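Asks: how would this look folded up:
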Amino acid sequence: MKPQLLKLSTAPTQSFSLKEDFVPYMNNKWHYHAEVELIHFFKGKGTQFIGDQINHFHPGDIVLVGSQLPHYWRFDDLYFDEANQEKADVRVAHFNECFWGKDFLELPENLNIKQLLDKARRGIQIIGQTKKKVAHILQEMLTSEGTKRILLLIEALDIIASDQNYQLISSMGFHPNLQDEEKG
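Replies: Numbers count the residues shown, from 1 in each chain. Reported below is the predicted structural model:
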C-alpha cells in the first residue's frame, strides 16, 4: 500500500507544531510528511508501522520519525470502544528540519543534531533514561511559548543525540517508494 502525503500546518505565530491528542484515530492512515515527528505516547498502546518494521507501542514510548518516512500508529481496538475507560494521550511535535534557518544544522556545535536527524530517516525508538528526560521536556513544551519552545525542542534533540540511548527502527536498506511530485 502506498503511503499518503499528509500536509501539516502550523499556527501563524509558531515555527513548528506541538499538540496533545486524546483521540486514537489521529492520522489513522499509512502516511508520511516533510516534517520530522517527535511523538510521546503518554497513554495508549497499539501497533506502530514505521518504514519496513512493525512493532508494538506502549505508554511512555517516544519515537523520532524522520522526514518522508512512512508511518502509522494503530491504537488497539479497546480505544475505539465508547464503553472503555482507557483513553489515549499523545504529545507530538512536527518540525521542518530547517525551520531554524538553513545554516543552523551546519554549525559545528550542532553536528550531533544533524546526524540524529539523518538517522531519524529510519525512525528512532528512544529508550532508557533518555525517554524519561525527553517526555519531561515535551510536557514542558506544551505550556511554553516563544523562544522557550524552540530551546526545549533543541534540548530534547540534543539529549537524544548525546545520550545515544535509542534504537533505529527501519532496516538500513529501506527506501520509501515515493514519487517526486508527492514528496512534501
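
Asks: now residue 76: closest residue in space, sequence neighbours ignored.
Replies: Spatial nearest neighbour of residue 76, excluding adjacent residues (Cβ to Cβ, 6 or more residues apart in numbering): residue 46 at 4.7 Å. Any C-beta I mention is one placed from the backbone N, CA and C, and that applies to glycine too.

Asks: residues contacting that neighbour?
Replies: Going by Cβ atoms under 8 Å, 6 or more residues apart in numbering, residue 46 touches 24, 56, 57, 73, 74, 75, 76, 79.

Asks: nearest spatial neighbour of residue 10, chain-adjacent residues omitted?
Replies: In space, residue 10 is closest to residue 17, 4.8 Å off (Cβ to Cβ, 6+ apart).

Asks: what is the burial count for that neighbour?
Replies: Residues within reach of residue 17, counting by other Cβ atoms under 10 Å, total 16.

Asks: does residue 141 really touch residue 95, like I thought?
Replies: No. With contact defined as Cβ atoms under 8 Å, residue 141 does not reach residue 95; the gap is 11.2 Å.

Asks: give me the common contacts of the two.
Replies: Listed as contacting both residue 141 and residue 95 by Cβ under 8 Å, 6+ apart are residue 153.

Asks: so for the residue nearest to residue 76, what's the pLDDT?
Replies: At residue 46, the model reports a pLDDT of 95.

Asks: tell me the bridge partners for it.
Replies: Per DSSP bridges, the residues bridged to residue 46 are residue 57, residue 75.

Asks: so how far is residue 37 from it?
Replies: Going from residue 46 to residue 37 by Cβ to Cβ, to the nearest Å gives 16 Å.

Asks: cool, residue 137 as well?
Replies: According to Cβ to Cβ, residue 137 stands 15 Å off from residue 37.
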